[in-house]
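Asker: 3D model of this:
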Amino acid sequence: ANTGWAVQRHPNGPLSENKILHTTNGLGSWANVTPPGPEGYTIDLTASFFDANNAMVLYNWQALPTSNTSEITTWRTHDGGHTWQVGEKTPSHPYTIERLDLMMLDPNQGWLLGIGIPAMGSATVQLLRHGIGD
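Answerer: Sure, this is the predicted structure:
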């Protein structure tokens, strides 16, 4: 009842403004348990929390405006965010995927929605399935 997760999200903001928070003390105090990342990047993040200790976080790293480099990186924790294991890295184009939304059914399978930059009333959308063994 006193353990929980939260996302502090600032789309297109510096890495320092996007945080994964964890508490074991109810609403009394929150610890910043954000997975590490390179400085100077802007990111969009999404997360799925399975229980008090297990979570998955996906980052869409963008080196804009200095570079066209972008990649989606997966992080997992099994100890409440004390340590993180980096997983898959998928290159993406910053104009193709601007925002991510993750919906995990369990720790091994789920869906990732990538939404592009809206223009003229429409946006590119990519729906990806994640599953162990896929």
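Asker: After the lowest-mean-pLDDT helix or strand in the chain, heading C-terminal, what element do we hit next?
Answerer: Lowest mean confidence among the helices and strands of the chain (mean pLDDT, DSSP states H and E): strand 13-14, at a mean of 59. Next in sequence after strand 13-14, counting helices and strands by DSSP states H and E, comes strand 19-23.
Asker: Quick check: next helix or strand after that next one?
Answerer: strand 31-32.
Asker: tell me the mean pLDDT for the following helix or strand past that next one?
Answerer: Once strand 31-32 ends, the next helix or strand along the chain (criterion: DSSP H and E) is strand 42-49. Mean pLDDT, computed over strand 42-49, is 80.
Asker: counting contacts, what elements does the next helix-or-strand element following strand 42-49 pack onto?
Answerer: Note on strand 42-49: by DSSP H and E, the next helix or strand toward the C-terminus is strand 55-62. Secondary structure elements in contact with strand 55-62, counted by 3 or more C-beta pairs under 8 Å, 6 or more residues apart in numbering; DSSP states H and E, are strand 42-49, strand 70-77, strand 99-106. Where C-beta positions appear, they are placed from N, C-alpha and C, glycine not excepted.
Asker: Please consider this matter closed, and thank you.
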